[in-house]
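A.B. asks: Here is the input, now give the coordinates:
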Amino acid sequence: HLLCALRKLGLLHKPTMTFGTAELRFSRRFEVLSCFKRPALRTHAEFVAETSVAGVSAARIVQAAADSFDDAKVVANRALKELPMHDTLHDASKQLLRAAVMNGLLCARLKALPVFAELG
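C.D. replies: Modelled structure (predicted):
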C-alpha cells in the first residue's frame, strides 16, 4: 500500500525494469510456492487485477498502509511479550516492530503533505 500511495502522490516513480517482463518476474518470485497445492496460486493476470489501485484515492491507499502497519505493531508487540528473548523470532519481531513504527510515521507525514490534501 505504501509504495502505491507514494506513486500516486508522485513521490516515487515506478522503476523501469530491463531484466524481464512483469509476468516473468511474477512467475520467478512465486515459483517457490508452487509446491503448495492449496490455495491455488494466482496467475499474473489475476494478481494484477486483484492488486490494482486504479480509481482508488491516495488518501485511501495511505490509510490502508497505515492500518497495515498498525496491525503489524500489534502482532510484533504480542510476539515480543510471548517469545523468549533469545529466540530468533523475538529478534525478527523487534525488526518488524521497528519497521512498522517507522513506516507508520511516514504515513502520518504523508497525510500532512499539501499534495496529499489536494489528491486525497
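A.B. asks: Can you name the next helix or strand after the helix or strand hosting Gln63?
C.D. replies: Element membership for Gln63 (DSSP states H and E) is helix 58-82. Downstream of helix 58-82, the first helix or strand assigned by DSSP H and E is helix 88-112.
A.B. asks: which non-adjacent residue is nearest Phe47?
C.D. replies: Phe26 (6.3 Å; CB to CB, 6 or more residues apart in numbering). Glycine gets a C-beta too; all of them are placed from N, C-alpha and C.
A.B. asks: Any idea how far the host helix or strand of that neighbour is from the middle of the chain?
C.D. replies: Assessed by DSSP H and E, Phe26 sits inside helix 22-30. Distance, stretch centre to chain centre, for helix 22-30: 17 Å (CA atoms, centre = their mean, to the nearest Å).
A.B. asks: what mean pLDDT does it have?
C.D. replies: Helix 22-30 carries an average pLDDT of 87.
A.B. asks: Same check on stretch 61-68?
C.D. replies: 92.
A.B. asks: contact partners of that stretch?
C.D. replies: Taking contacts as CB atoms under 8 Å, 6 or more residues apart in numbering, the residues outside stretch 61-68 that touch it are 1-2, 4-5, 8, 53, 103-104, 107-108, 110-111, 116, 120.
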